[in-house]
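build me a model from this:
(4 chains)
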There are 2 protein chains.
Amino acid sequence: MEDVAREAGVSRALVSLVMREQPNVSEDKRARVLEVAGRIGYRPNAMARSLASRRTRTVGVVLDDLRNPFFAEIAGGVEELASKVGYQLLLGAGGRQARRERSALATLLEYRVDGVILVSPRMRAGDIRSAAAEVPVVMVGRQVRGVDADFVVIDERHGVELVLDHLLALGHQRIAHVDGGSGAGGPPRRTWFLRGMRERRLGAKALVIPGDFTEEAGAAAARRMLDGPQMPTAVFAANDLVAAGLLGVFDQAGVEVPGHVSIVGYDNISIAHLAHVSLTTVDQPRSAMGQMALELLLDRIDNRRDSIVRLVEPSLVIRSTTAAPRAGA
Amino acid sequence: MEDVAREAGVSRALVSLVMREQPNVSEDKRARVLEVAGRIGYRPNAMARSLASRRTRTVGVVLDDLRNPFFAEIAGGVEELASKVGYQLLLGAGGRQARRERSALATLLEYRVDGVILVSPRMRAGDIRSAAAEVPVVMVGRQVRGVDADFVVIDERHGVELVLDHLLALGHQRIAHVDGGSGAGGPPRRTWFLRGMRERRLGAKALVIPGDFTEEAGAAAARRMLDGPQMPTAVFAANDLVAAGLLGVFDQAGVEVPGHVSIVGYDNISIAHLAHVSLTTVDQPRSAMGQMALELLLDRIDNRRDSIVRLVEPSLVIRSTTAAPRAGA
DNA sequence: CGCAGGTTTTAGAGCGCTCTAAGCAGCGAA
DNA sequence: TTCGCTGCTTAGAGCGCTCTAAAACCTGCG
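Here you go, the predicted structure:
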């Protein structure tokens, strides 16, 4: 910076003004500084800038797992908005371990990020609380009581209702749910499924098959149904992977989808829209969730205010795995 | 830091020594400093540390697109190793535009990252060259002449040879390739396919159908084949998405896979292993590539040396979309 | 010509750390 | 007693920037 100033015949401070695109710099000096900076290859040092200005224009994002496309797309949404508003992202991944997640968060805090977005964090509520005491925090996909942060969460109930309404409108009554175990989204989906069925006076025809969020769980559930006394006419899978597992086994067993049985997934991951799969599923606007999280965070960074919970509405994407049940079924 | 020092009854510098885990600090003082730091919630400021030490222990990663699982997995590999060796990742995404990629890179350089990993960058060679002049650079998936950087590239030829060997061993001769257009990997795969077929004296039976790396391109190619005078007995798709497109259309048209026609994909993305798809495809060790890139970078950071090109060997994953051609075919 | 009122420029004190060189015990040898 | 060690510990000068307060430079007007 010194060099640029000397070369351009101005003071260091003026160079700083120009680099920060501040007003009140005469046009010719600005041009001169820019010319010299470009010529000698001067690049402002973000570290020094942040140290002096106590602002980093950087937000931290902690992902449970970078490889999970679901999380990656949320991060993509954050990134998109961040680059639009001139913020930089510092990314930490937890590798599906609470310990690594904690240390990723600690590192981000050492970098004095202006705020942190936690995507479906695994770490303990206490860790989150103490982070929230230091810096603005927004959480996506998980809500923790008593933490001064904002939340972006899916309206699971609405998602499940969409599925039930769709299946009932087609004429289904005997509906099975392959659940997602204890992972995020599992319990609420199962609960709302059961309650929804009861509210529709179909409590007796509701069947829950335990599983988890994997394709294998779907395959196992399909086999169980095939072996059972009476097949349901429709299956609501806890997520698309489970649905894919169902699809694979039914396909091999010669059970037609949606002829014999309808299948609905959840998440609308990339496989769902493949022509070969064409799964009816519940879409969660991942990218929008990421964007929303950053909006909340930026707002929180410059306004101290109360906690906000933003409920995201999922939508049903109807493809080819659902149809009216067979007359004989 | 001042506060910690005062509270612990030592000098600032001693606190620094403790925080950096340097030797030559008596055990009781170290314990005292750590205790005080924990109690008053002191967290070292990474900015100030980097400013003073001229090292950031941070590497930048520029991804063309965070949402593309292929790139995300490479980044995941980088992340994994980084967290193991105590490095932090600063991530920038290009959003599939050279312009945004450039600016992401510029920001990373302002943060004075110790090195940069460019994953399949779109930007011009000149931009890369000037970055490489400032900081150690490793590129993944693209090789640029005359740039002082390291490279991790896929041995495309080998991947294609694996496919051809597999198909020929099954007895196929009339083989089509749906190409990937001009995107990364497209031209080499097409070239090696044609050359490989010629070398096997099957040049006359090789067919190339233009496409790109999308499912739609696969679907369109499938329709073209169905309308054509003579179906190939096997199709080598430029990537798995294209293969999925083929699969969808063939399925609907009642063409059995692998009965009537065998299909091979490329990339081994998550859809490929689904039971319902079960695609024979070429796997690229994405995670390992990310790790390798970081290894090269770390080595380059502390040893000035010549450019290294690391060739990554892909492997064939045989699943259920390939079989011997029908006798009559 | 002087001066208010504005704009443009500058000096200089930090931001929170690292790192060098110097300081200070304590101890055995000269 | 003095000196030279070893083994900690400490003072203090930066790292490259921002930002405040003040100085310098402009108008235009009385």
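
stretch A:220-239 near chain B at all?
No: contact between stretch A:220-239 and chain B is absent, the nearest approach being 9.9 Å (criterion: Cβ under 8 Å from any Cβ of the partner chain). Backbone N, C-alpha and C define where each C-beta goes, glycine included.

end-to-end on that stretch?
14 Å (Cα to Cα, to the nearest Å).

just the buried positions in it, please.
A:220-222, A:225, A:231-239 (16 or more other Cβ atoms under 10 Å in any protein chain shown).

cool, and stretch A:252-260?
Judged by neighbour count (16+ other Cβ under 10 Å), stretch A:252-260 contains these buried residues: A:V255, A:V257, A:P258.

let me know the closest of those to DNA strand C.
Nearest to DNA strand C out of the buried residues of stretch A:252-260 is A:V257 (Cβ to the nearest atom of the strand; 59.7 Å).

which SS class is the closest one?
Secondary structure state of A:V257, per DSSP: H, G, I helix; E, B strand; the rest coil, is coil.

let me see the contact set for it.
Neighbour list for A:V257: A:L247, A:F250, A:D251, A:I263, A:T321 [criterion: Cβ atoms under 8 Å, 6 or more residues apart in numbering or on different chains].

those residues in strands, which ones?
Secondary structure assignment by DSSP state E places A:I263 of these in strands.

and the closest residue to A:R12 other than its chain neighbours, how far from A:Y42?
Using Cβ to Cβ, 6 or more residues apart in numbering or on different chains and skipping the chain neighbours, the partner closest in space to A:R12 is A:A5 (4.7 Å). Using Cβ to Cβ, to the nearest Å, A:A5 is found at 10 Å from A:Y42.

can you say which helix or strand has the residue positioned nearest the centre of chain A in it?
The C-alpha lying nearest the average C-alpha coordinate of chain A belongs to A:I74 (Cα atoms, centre = their mean; 4.1 Å). According to DSSP states H and E, A:I74 maps onto helix A:69-85.

residues near the residue in the stretch 101-250 of chain A positioned nearest to chain B, how many?
For the stretch 101-250 of chain A and chain B, the shortest gap (Cβ to the nearest Cβ) falls at A:G248, measuring 2.9 Å. By the measure other Cβ atoms under 10 Å in any protein chain shown, the count of residues near A:G248 is 20.

next, the nearest residue to it once chain neighbours are set aside: phi, psi?
Closest residue to A:G248 apart from its sequence neighbours, by Cβ to Cβ, 6+ apart: B:A275 at 2.9 Å. Phi and psi for B:A275, reported as degrees, to the nearest 10, are phi -60, psi -40.

so how far is A:A253 from B:A275?
According to Cβ to Cβ, B:A275 and A:A253 sit 12 Å apart.

who touches the residue in the stretch 201-329 of chain A that DNA strand C sits nearest to in this structure?
Closest to DNA strand C within the stretch 201-329 of chain A is A:I301: 17.5 Å, counting by Cβ to the nearest atom of the strand. A:I301 makes contacts with A:D114, A:G115, A:P136, as judged by Cβ under 8 Å, 6+ apart.

now, which of those sits nearest B:R286?
Closest approach to B:R286 among those (Cβ to Cβ): A:G115, at 30.6 Å.

quick check: that closest one vs A:L91, distance?
14 Å.
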